[in-house]
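Enquirer: Turn this into a structure:
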Amino acid sequence: MKKEKVKLAVPMVIIWCAAILLFMVMQNGEDFFAANPKLFDYVTWTTEYQDNILYKIFWIIGDWTECQAYKSLPGALALLISGFIFYGIMRNGKKHKMFPVLGPINLFPGMVLAGFTGVIVSNILFGWQLQFGWIPTFLACASIPGAVVITYGGHWKVWLTAGILGGVIQYPLSYLSLQIANKISMTPLVVFTIIAVGLGGALITEIIRLLPWMKDVIKDESARGIVPVETLEIPQPEASISWYLRRMMADFTELLFFGNEWVGLIYILALVLSWAMNPAHIAYGIPYLFPAMIAGQFMASSLSIVLWYGTYKKRGGFNTYCANEAMAVVPVFFGTIGVTAFTNIWFIVAMAVISAVLCPWIVDKVGGLLAKLTSKRYEGAVAGVTSGAPALGISIGVVTLLCKGLLMTGLF
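Expert: A predicted model of the protein is given here:
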(Lines give C-alpha, C1' and ligand atoms only; values in the text may rest on other atoms or scores of the structure.)
Protein backbone atom coordinates (compact mmCIF):
# COMPACT_ATOMS: atom_id res chain seq x y z
CA MET A 1 0.00 0.00 0.00
CA LYS A 2 2.86 2.41 0.78
CA LYS A 3 4.36 1.80 -2.65
CA GLU A 4 0.99 2.54 -4.27
CA LYS A 5 0.69 5.82 -2.35
CA VAL A 6 4.20 6.81 -3.36
CA LYS A 7 3.30 6.07 -6.98
CA LEU A 8 0.22 8.31 -6.70
CA ALA A 9 2.26 11.02 -4.98
CA VAL A 10 4.12 11.76 -8.22
CA PRO A 11 1.06 12.96 -10.20
CA MET A 12 -0.18 14.67 -7.03
CA VAL A 13 2.96 16.84 -6.88
CA ILE A 14 2.48 17.74 -10.54
CA ILE A 15 -1.17 18.67 -9.89
CA TRP A 16 -0.19 20.84 -6.95
CA CYS A 17 2.42 22.67 -9.00
CA ALA A 18 -0.09 23.15 -11.81
CA ALA A 19 -2.75 24.37 -9.35
CA ILE A 20 -0.38 26.94 -7.84
CA LEU A 21 0.63 28.12 -11.30
CA LEU A 22 -3.03 28.29 -12.36
CA PHE A 23 -3.82 30.37 -9.29
CA MET A 24 -1.04 32.85 -10.00
CA VAL A 25 -1.95 33.18 -13.68
CA MET A 26 -5.65 33.68 -12.93
CA GLN A 27 -4.94 36.17 -10.15
CA ASN A 28 -2.77 38.24 -12.47
CA GLY A 29 -5.21 37.98 -15.37
CA GLU A 30 -8.44 38.74 -13.54
CA ASP A 31 -8.27 42.52 -13.97
CA PHE A 32 -7.97 42.13 -17.75
CA PHE A 33 -11.02 39.87 -18.00
CA ALA A 34 -12.98 42.07 -15.57
CA ALA A 35 -12.30 45.08 -17.80
CA ASN A 36 -13.59 43.22 -20.88
CA PRO A 37 -16.76 41.42 -19.72
CA LYS A 38 -18.63 39.14 -22.10
CA LEU A 39 -21.24 37.96 -19.59
CA PHE A 40 -23.57 39.69 -17.12
CA ASP A 41 -22.27 40.12 -13.58
CA TYR A 42 -23.77 38.78 -10.37
CA VAL A 43 -25.25 42.13 -9.32
CA THR A 44 -27.13 42.37 -12.62
CA TRP A 45 -28.32 38.80 -12.09
CA THR A 46 -29.92 39.69 -8.76
CA THR A 47 -31.30 43.12 -9.69
CA GLU A 48 -32.91 41.90 -12.92
CA TYR A 49 -34.36 38.80 -11.26
CA GLN A 50 -37.62 40.35 -10.06
CA ASP A 51 -38.82 41.91 -13.33
CA ASN A 52 -37.03 39.97 -16.06
CA ILE A 53 -38.24 36.41 -16.63
CA LEU A 54 -35.07 35.54 -18.56
CA TYR A 55 -32.84 36.35 -15.58
CA LYS A 56 -35.21 34.42 -13.33
CA ILE A 57 -34.70 31.38 -15.58
CA PHE A 58 -30.95 31.99 -15.52
CA TRP A 59 -31.06 32.05 -11.70
CA ILE A 60 -32.97 28.77 -11.53
CA ILE A 61 -30.47 27.09 -13.85
CA GLY A 62 -27.54 28.60 -11.95
CA ASP A 63 -28.88 27.10 -8.71
CA TRP A 64 -27.39 23.78 -9.85
CA THR A 65 -23.91 25.12 -9.13
CA GLU A 66 -24.61 26.93 -5.89
CA CYS A 67 -24.10 24.11 -3.40
CA GLN A 68 -20.43 24.52 -4.38
CA ALA A 69 -20.76 28.33 -4.20
CA TYR A 70 -19.93 28.89 -7.87
CA LYS A 71 -23.31 30.29 -9.02
CA SER A 72 -22.39 30.15 -12.69
CA LEU A 73 -24.81 29.97 -15.60
CA PRO A 74 -22.29 28.47 -18.09
CA GLY A 75 -21.15 26.05 -15.39
CA ALA A 76 -24.71 24.89 -14.71
CA LEU A 77 -25.52 24.45 -18.40
CA ALA A 78 -22.32 22.45 -18.94
CA LEU A 79 -23.05 20.30 -15.89
CA LEU A 80 -26.59 19.42 -16.96
CA ILE A 81 -25.92 18.97 -20.68
CA SER A 82 -22.81 16.85 -20.18
CA GLY A 83 -24.65 14.88 -17.50
CA PHE A 84 -27.31 13.85 -20.03
CA ILE A 85 -24.69 13.17 -22.71
CA PHE A 86 -22.67 10.78 -20.57
CA TYR A 87 -25.78 9.27 -19.04
CA GLY A 88 -26.84 8.46 -22.62
CA ILE A 89 -23.39 7.06 -23.44
CA MET A 90 -23.56 4.96 -20.29
CA ARG A 91 -26.85 3.41 -21.42
CA ASN A 92 -26.15 2.87 -25.14
CA GLY A 93 -25.50 -0.85 -24.66
CA LYS A 94 -21.78 -0.73 -25.32
CA LYS A 95 -19.02 -1.36 -22.80
CA HIS A 96 -17.68 1.86 -21.26
CA LYS A 97 -15.14 2.41 -18.51
CA MET A 98 -16.07 5.42 -16.41
CA PHE A 99 -17.64 6.36 -13.12
CA PRO A 100 -21.42 6.16 -13.53
CA VAL A 101 -23.60 9.23 -13.79
CA LEU A 102 -25.80 9.00 -10.68
CA GLY A 103 -24.56 5.50 -9.94
CA PRO A 104 -25.14 2.53 -12.27
CA ILE A 105 -28.92 2.98 -12.28
CA ASN A 106 -31.51 4.34 -14.68
CA LEU A 107 -32.62 7.34 -12.60
CA PHE A 108 -30.70 10.39 -13.82
CA PRO A 109 -33.64 12.09 -15.64
CA GLY A 110 -35.85 11.68 -12.56
CA MET A 111 -33.19 13.18 -10.32
CA VAL A 112 -32.82 16.22 -12.58
CA LEU A 113 -36.60 16.66 -12.82
CA ALA A 114 -36.92 16.45 -9.03
CA GLY A 115 -34.19 19.06 -8.63
CA PHE A 116 -35.70 21.45 -11.16
CA THR A 117 -39.15 21.02 -9.61
CA GLY A 118 -37.69 21.87 -6.22
CA VAL A 119 -35.87 25.03 -7.26
CA ILE A 120 -38.77 26.23 -9.43
CA VAL A 121 -41.18 25.86 -6.50
CA SER A 122 -38.67 27.52 -4.18
CA ASN A 123 -38.20 30.46 -6.54
CA ILE A 124 -41.94 30.89 -7.17
CA LEU A 125 -42.78 30.91 -3.47
CA PHE A 126 -39.78 32.74 -2.04
CA GLY A 127 -37.89 34.41 -4.90
CA TRP A 128 -39.35 37.82 -4.08
CA GLN A 129 -37.05 37.94 -1.04
CA LEU A 130 -34.00 38.24 -3.30
CA GLN A 131 -34.62 42.00 -3.46
CA PHE A 132 -33.50 42.16 0.19
CA GLY A 133 -30.31 40.14 -0.27
CA TRP A 134 -29.04 36.68 -1.17
CA ILE A 135 -31.40 33.78 -0.53
CA PRO A 136 -30.69 30.01 -0.63
CA THR A 137 -33.14 28.79 -3.28
CA PHE A 138 -30.68 26.17 -4.49
CA LEU A 139 -30.88 23.43 -1.86
CA ALA A 140 -33.78 21.53 -3.43
CA CYS A 141 -31.69 20.57 -6.47
CA ALA A 142 -28.70 19.30 -4.51
CA SER A 143 -30.00 17.15 -1.70
CA ILE A 144 -33.20 15.45 -0.59
CA PRO A 145 -35.37 15.45 -3.76
CA GLY A 146 -32.57 13.72 -5.66
CA ALA A 147 -32.00 11.30 -2.78
CA VAL A 148 -35.70 10.39 -2.74
CA VAL A 149 -35.54 9.54 -6.48
CA ILE A 150 -32.39 7.45 -6.02
CA THR A 151 -34.08 5.56 -3.18
CA TYR A 152 -37.64 5.11 -4.48
CA GLY A 153 -37.28 5.31 -8.26
CA GLY A 154 -37.83 7.73 -11.13
CA HIS A 155 -41.62 7.52 -11.56
CA TRP A 156 -43.21 10.92 -12.10
CA LYS A 157 -45.11 10.63 -8.80
CA VAL A 158 -41.80 10.23 -6.99
CA TRP A 159 -39.81 13.06 -8.58
CA LEU A 160 -42.74 15.48 -8.62
CA THR A 161 -43.65 14.82 -4.99
CA ALA A 162 -40.04 15.00 -3.83
CA GLY A 163 -39.41 18.19 -5.78
CA ILE A 164 -42.50 20.01 -4.51
CA LEU A 165 -41.84 19.02 -0.90
CA GLY A 166 -38.19 19.99 -1.26
CA GLY A 167 -39.07 23.43 -2.58
CA VAL A 168 -41.73 24.08 0.05
CA ILE A 169 -39.92 22.70 3.11
CA GLN A 170 -36.20 23.11 2.51
CA TYR A 171 -36.21 26.82 1.74
CA PRO A 172 -37.76 27.95 5.07
CA LEU A 173 -35.33 25.67 6.91
CA SER A 174 -32.42 27.00 4.87
CA TYR A 175 -33.49 30.59 5.54
CA LEU A 176 -33.58 29.80 9.27
CA SER A 177 -30.13 28.24 8.90
CA LEU A 178 -28.85 31.40 7.22
CA GLN A 179 -29.98 33.54 10.16
CA ILE A 180 -28.32 31.16 12.62
CA ALA A 181 -25.11 31.12 10.57
CA ASN A 182 -25.00 34.92 10.58
CA LYS A 183 -25.45 34.98 14.36
CA ILE A 184 -22.59 32.56 15.03
CA SER A 185 -20.29 33.91 12.28
CA MET A 186 -20.12 30.57 10.48
CA THR A 187 -20.31 29.74 6.79
CA PRO A 188 -24.02 29.16 6.04
CA LEU A 189 -23.48 25.81 4.31
CA VAL A 190 -22.43 24.31 7.66
CA VAL A 191 -25.84 25.04 9.16
CA PHE A 192 -27.69 24.38 5.87
CA THR A 193 -26.47 20.81 5.74
CA ILE A 194 -27.35 20.14 9.36
CA ILE A 195 -30.82 21.72 9.43
CA ALA A 196 -32.13 22.11 5.87
CA VAL A 197 -30.71 18.84 4.56
CA GLY A 198 -30.40 16.65 7.65
CA LEU A 199 -33.56 17.66 9.51
CA GLY A 200 -35.35 18.62 6.28
CA GLY A 201 -34.62 15.23 4.77
CA ALA A 202 -36.13 13.42 7.72
CA LEU A 203 -39.20 15.70 7.69
CA ILE A 204 -39.76 15.32 3.92
CA THR A 205 -39.38 11.54 4.11
CA GLU A 206 -41.86 11.30 6.98
CA ILE A 207 -44.42 13.27 4.96
CA ILE A 208 -43.79 11.05 1.92
CA ARG A 209 -44.52 7.99 4.07
CA LEU A 210 -48.02 9.36 4.72
CA LEU A 211 -48.93 10.10 1.11
CA PRO A 212 -51.15 7.36 -0.36
CA TRP A 213 -49.67 7.50 -3.88
CA MET A 214 -46.16 6.88 -2.45
CA LYS A 215 -46.94 3.82 -0.34
CA ASP A 216 -46.40 1.28 -3.15
CA VAL A 217 -42.80 2.29 -3.88
CA ILE A 218 -41.97 2.63 -0.19
CA LYS A 219 -43.22 -0.83 0.72
CA ASP A 220 -42.32 -2.73 -2.46
CA GLU A 221 -38.84 -2.38 -4.02
CA SER A 222 -40.01 -4.12 -7.21
CA ALA A 223 -42.44 -1.26 -7.83
CA ARG A 224 -39.62 1.29 -8.01
CA GLY A 225 -38.43 0.43 -11.53
CA ILE A 226 -34.73 0.82 -10.69
CA VAL A 227 -32.80 -0.82 -13.54
CA PRO A 228 -29.02 -1.34 -13.22
CA VAL A 229 -26.73 -0.46 -16.11
CA GLU A 230 -24.87 -3.73 -16.66
CA THR A 231 -22.57 -2.66 -19.50
CA LEU A 232 -20.67 -0.10 -17.41
CA GLU A 233 -17.16 -0.93 -16.22
CA ILE A 234 -16.53 1.20 -13.12
CA PRO A 235 -12.82 2.11 -12.70
CA GLN A 236 -11.45 0.18 -9.73
CA PRO A 237 -9.01 1.75 -7.24
CA GLU A 238 -5.47 1.29 -8.48
CA ALA A 239 -2.20 3.16 -8.32
CA SER A 240 -2.44 4.44 -11.88
CA ILE A 241 -2.53 7.95 -13.28
CA SER A 242 -5.71 7.11 -15.21
CA TRP A 243 -7.68 6.05 -12.12
CA TYR A 244 -6.25 8.89 -10.05
CA LEU A 245 -7.25 11.58 -12.53
CA ARG A 246 -10.66 10.01 -13.08
CA ARG A 247 -11.34 9.93 -9.36
CA MET A 248 -10.24 13.53 -8.85
CA MET A 249 -12.42 14.83 -11.68
CA ALA A 250 -15.42 12.82 -10.49
CA ASP A 251 -15.05 14.37 -7.01
CA PHE A 252 -16.01 17.76 -8.45
CA THR A 253 -19.56 16.52 -9.17
CA GLU A 254 -20.03 13.88 -6.47
CA LEU A 255 -22.02 16.10 -4.11
CA LEU A 256 -24.53 16.77 -6.91
CA PHE A 257 -25.05 13.00 -7.45
CA PHE A 258 -23.44 13.18 -10.92
CA GLY A 259 -20.11 11.64 -9.88
CA ASN A 260 -18.66 11.23 -13.38
CA GLU A 261 -15.12 12.20 -14.39
CA TRP A 262 -16.01 13.48 -17.88
CA VAL A 263 -18.88 15.57 -16.55
CA GLY A 264 -16.47 16.88 -13.93
CA LEU A 265 -13.90 17.89 -16.55
CA ILE A 266 -16.46 19.69 -18.73
CA TYR A 267 -17.92 21.34 -15.64
CA ILE A 268 -14.51 22.68 -14.58
CA LEU A 269 -13.77 24.02 -18.07
CA ALA A 270 -17.15 25.78 -18.18
CA LEU A 271 -16.55 27.34 -14.77
CA VAL A 272 -13.18 28.68 -15.89
CA LEU A 273 -14.80 29.93 -19.11
CA SER A 274 -17.49 31.80 -17.17
CA TRP A 275 -14.75 33.39 -15.04
CA ALA A 276 -12.87 34.44 -18.19
CA MET A 277 -16.08 35.86 -19.66
CA ASN A 278 -16.60 37.95 -16.51
CA PRO A 279 -14.96 37.32 -13.11
CA ALA A 280 -17.81 39.33 -11.55
CA HIS A 281 -20.31 36.73 -12.77
CA ILE A 282 -19.07 33.68 -10.87
CA ALA A 283 -18.68 33.10 -7.11
CA TYR A 284 -21.05 35.97 -6.24
CA GLY A 285 -18.78 38.44 -8.03
CA ILE A 286 -16.24 38.53 -5.19
CA PRO A 287 -12.92 39.70 -6.74
CA TYR A 288 -10.12 37.12 -6.99
CA LEU A 289 -12.18 34.46 -5.23
CA PHE A 290 -12.73 31.91 -7.98
CA PRO A 291 -9.00 31.32 -8.64
CA ALA A 292 -8.57 30.49 -4.95
CA MET A 293 -11.53 28.11 -5.01
CA ILE A 294 -10.56 26.13 -8.09
CA ALA A 295 -6.85 25.91 -7.20
CA GLY A 296 -7.70 24.88 -3.65
CA GLN A 297 -10.09 22.20 -4.87
CA PHE A 298 -7.46 20.65 -7.12
CA MET A 299 -4.97 20.60 -4.25
CA ALA A 300 -7.39 19.25 -1.65
CA SER A 301 -8.86 16.57 -3.91
CA SER A 302 -5.54 15.31 -5.19
CA LEU A 303 -4.07 15.11 -1.68
CA SER A 304 -7.20 13.57 -0.18
CA ILE A 305 -7.23 10.71 -2.69
CA VAL A 306 -3.60 9.87 -1.89
CA LEU A 307 -4.06 10.10 1.87
CA TRP A 308 -7.19 7.97 1.92
CA TYR A 309 -6.28 5.63 -0.93
CA GLY A 310 -5.92 2.63 1.41
CA THR A 311 -9.42 3.11 2.82
CA TYR A 312 -10.80 3.76 -0.66
CA LYS A 313 -9.30 0.55 -2.01
CA LYS A 314 -10.39 -1.50 1.00
CA ARG A 315 -14.00 -0.33 0.84
CA GLY A 316 -14.28 0.22 -2.90
CA GLY A 317 -15.04 3.90 -2.36
CA PHE A 318 -14.62 6.74 0.11
CA ASN A 319 -15.86 10.28 0.61
CA THR A 320 -12.76 12.13 -0.66
CA TYR A 321 -15.13 14.59 -2.36
CA CYS A 322 -15.71 16.20 1.06
CA ALA A 323 -12.28 17.86 0.88
CA ASN A 324 -13.22 19.24 -2.53
CA GLU A 325 -16.45 20.68 -1.15
CA ALA A 326 -14.70 22.29 1.81
CA MET A 327 -12.31 24.11 -0.53
CA ALA A 328 -15.27 25.41 -2.53
CA VAL A 329 -17.02 26.76 0.54
CA VAL A 330 -14.43 27.95 3.08
CA PRO A 331 -12.72 30.50 0.77
CA VAL A 332 -16.16 31.94 -0.03
CA PHE A 333 -16.85 32.40 3.67
CA PHE A 334 -13.67 34.42 4.16
CA GLY A 335 -14.41 36.38 0.99
CA THR A 336 -17.92 37.34 2.08
CA ILE A 337 -16.75 38.57 5.50
CA GLY A 338 -14.01 40.66 3.91
CA VAL A 339 -10.93 38.61 4.80
CA THR A 340 -8.46 38.92 1.92
CA ALA A 341 -6.20 36.07 3.10
CA PHE A 342 -7.84 33.78 0.52
CA THR A 343 -5.65 35.55 -2.07
CA ASN A 344 -2.54 34.26 -0.24
CA ILE A 345 -1.39 31.03 -1.87
CA TRP A 346 0.08 29.71 1.38
CA PHE A 347 -3.24 30.18 3.15
CA ILE A 348 -4.91 28.23 0.36
CA VAL A 349 -2.29 25.50 0.74
CA ALA A 350 -3.00 25.34 4.48
CA MET A 351 -6.75 25.14 3.89
CA ALA A 352 -6.28 22.39 1.31
CA VAL A 353 -4.12 20.29 3.63
CA ILE A 354 -6.52 20.69 6.56
CA SER A 355 -9.49 19.81 4.34
CA ALA A 356 -7.80 16.74 2.83
CA VAL A 357 -6.69 15.39 6.20
CA LEU A 358 -9.80 16.05 8.28
CA CYS A 359 -12.94 16.25 6.12
CA PRO A 360 -13.12 12.64 4.87
CA TRP A 361 -12.30 11.33 8.34
CA ILE A 362 -14.87 13.50 10.14
CA VAL A 363 -17.60 12.71 7.62
CA ASP A 364 -16.82 9.01 7.88
CA LYS A 365 -16.91 8.93 11.69
CA VAL A 366 -19.76 11.36 12.35
CA GLY A 367 -21.75 10.13 9.36
CA GLY A 368 -21.27 6.55 10.53
CA LEU A 369 -22.65 7.35 13.97
CA LEU A 370 -25.66 9.16 12.50
CA ALA A 371 -26.22 6.37 9.97
CA LYS A 372 -26.77 3.91 12.82
CA LEU A 373 -29.76 6.04 13.78
CA THR A 374 -31.15 7.01 10.36
CA SER A 375 -30.77 3.57 8.77
CA LYS A 376 -33.18 2.13 11.33
CA ARG A 377 -36.00 4.13 9.79
CA TYR A 378 -34.76 5.26 6.36
CA GLU A 379 -33.08 3.48 3.49
CA GLY A 380 -30.88 4.04 0.47
CA ALA A 381 -29.75 7.53 -0.48
CA VAL A 382 -32.23 9.15 1.91
CA ALA A 383 -30.52 7.49 4.87
CA GLY A 384 -27.13 8.41 3.40
CA VAL A 385 -27.95 12.08 2.91
CA THR A 386 -29.70 12.60 6.25
CA SER A 387 -26.62 11.23 8.01
CA GLY A 388 -23.85 12.35 5.64
CA ALA A 389 -24.98 15.94 5.07
CA PRO A 390 -24.80 17.00 8.77
CA ALA A 391 -21.41 15.27 8.99
CA LEU A 392 -20.20 17.27 5.97
CA GLY A 393 -21.44 20.47 7.58
CA ILE A 394 -19.54 19.68 10.77
CA SER A 395 -16.35 18.93 8.82
CA ILE A 396 -16.57 22.25 6.95
CA GLY A 397 -17.19 23.99 10.27
CA VAL A 398 -14.05 22.44 11.74
CA VAL A 399 -11.97 23.55 8.74
CA THR A 400 -13.39 27.06 8.99
CA LEU A 401 -12.57 27.35 12.71
CA LEU A 402 -9.04 26.01 12.22
CA CYS A 403 -8.47 28.48 9.39
CA LYS A 404 -9.75 31.29 11.60
CA GLY A 405 -7.19 30.19 14.17
CA LEU A 406 -4.45 30.27 11.54
CA LEU A 407 -5.40 33.84 10.64
CA MET A 408 -5.09 34.84 14.30
CA THR A 409 -1.43 33.77 14.26
CA GLY A 410 -0.65 36.55 11.81
CA LEU A 411 1.14 34.21 9.41
CA PHE A 412 -1.09 35.22 6.51
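
Enquirer: Report the separation between Leu73 and Val332.
Expert: 18 Å (C-beta to C-beta, to the nearest Å). C-beta here means a position set from N, CA and C on the backbone, and glycine is covered the same way.

Enquirer: Which residue ranges of the stretch 1-150 of the chain form strands?
Expert: 96-97 (DSSP state E, counting those that start in this stretch).

Enquirer: For it, give me the ranges with low pLDDT.
Expert: Along the stretch 1-150 of the chain, the model assigns pLDDT under 70 to residues 1, 104.

Enquirer: What segments of the stretch 1-150 of the chain are helices?
Expert: In the stretch 1-150 of the chain, the segments counted as helices under DSSP state H, counting those that start in this stretch are 2-35, 42-48, 53-62, 73-90, 108-126, 144-152.

Enquirer: nearest to Val306, of those?
Expert: Proximity to Val306 (C-beta to C-beta) singles out helix 2-35 among the helices of the stretch 1-150 of the chain, at 4.9 Å.

Enquirer: What are the buried residues along the closest one?
Expert: Across helix 2-35, burial judged by 16 or more other C-beta atoms under 10 Å covers 4-5, 7-8, 11-12, 15-16, 19-20, 23, 26, 30, 33-34.

Enquirer: what do you get for stretch 67-87?
Expert: Result for stretch 67-87 [16+ other C-beta under 10 Å]: buried residues 67-80, 82-83, 86-87.

Enquirer: Just the pLDDT for Asp216.
Expert: Per-residue pLDDT puts Asp216 at 87.

Enquirer: Run through who's touching the helix or strand where it lies.
Expert: Element membership of Asp216 [criterion: DSSP states H and E] is helix 215-219. Residues outside helix 215-219 that contact it (C-beta atoms under 8 Å, 6 or more residues apart in numbering): Tyr152, Gly153, His155, Lys157, Val158, Ile208, Arg209, Ala223, Arg224.

Enquirer: and what of stretch 173-181?
Expert: Contacts of stretch 173-181 (C-beta under 8 Å, 6+ apart): 126, 129, 135-136, 139, 187-188, 190-192, 194-196, 199-200.

Enquirer: Now with 10 Å, please.
Expert: 122, 126, 129, 133-140, 143, 170, 186-201, 203-204, 333, 393, 397 (C-beta atoms under 10 Å, 6 or more residues apart in numbering).

Enquirer: now these: which count as buried?
Expert: Among the contacts of stretch 173-181, those buried by neighbour count (16+ other C-beta under 10 Å) are 122, 126, 135-140, 143, 170, 186-201, 203-204, 333, 393, 397.

Enquirer: got the buried residues for stretch 315-326?
Expert: Quick answer for stretch 315-326 (16+ other C-beta under 10 Å): Phe318, Asn319, Thr320, Tyr321, Cys322, Ala323, Asn324, Glu325, Ala326.

Enquirer: list the contacts for the residue nearest to Gly388 when sequence neighbours are not counted?
Expert: Once flanking residues are discounted, Gly388 sits nearest to Gly367: 4.5 Å by C-beta to C-beta, 6 or more residues apart in numbering. By C-beta under 10 Å, 6+ apart, the contact set of Gly367 is 319, 322, 374, 384-392, 394-395.

Enquirer: let's see 6 Å
Expert: Contacts for Gly367 (C-beta atoms under 6 Å, 6 or more residues apart in numbering) come out as Ser387, Gly388, Ala391.

Enquirer: The helix or strand harbouring it: which residues count as buried?
Expert: Assigned by DSSP H and E, Gly367 belongs to helix 345-374. Along helix 345-374, these residues count as buried under the neighbour rule (16+ other C-beta under 10 Å): 345, 347-364, 366-367, 370-371, 374.

Enquirer: Model confidence score at Leu289, please.
Expert: Per the predicted model, pLDDT is 96 at Leu289.

Enquirer: One more: Val229?
Expert: Each residue has a pLDDT score; the one for Val229 is 76.

Enquirer: May I ask which two of the contacts of helix 215-219 are separated the most?
Expert: Using C-beta to C-beta, the two most remote members of the contacts of helix 215-219 are His155 and Arg209, lying 16.3 Å apart.

Enquirer: The nearest residue to Lys95 once chain neighbours are set aside: neighbour count?
Expert: Excluding the flanking residues, the one nearest Lys95 by C-beta to C-beta, 6+ apart is Thr231, at 5.4 Å. Neighbour count for Thr231, taken as other C-beta atoms under 10 Å: 13.

Enquirer: May I ask you to confirm that Thr231 is in contact with Asn92?
Expert: No: the criterion here is C-beta atoms under 6 Å, and Thr231 misses it with Asn92 at 8.1 Å.

Enquirer: Now for the closest residue to Thr311 other than its chain neighbours: which residues touch it?
Expert: Nearest non-adjacent residue to Thr311, counting by C-beta to C-beta, 6+ apart: Phe318, 5.0 Å away. Taking C-beta under 6 Å, 6+ apart, we find Phe318 in contact with Trp308, Thr311, Tyr312.
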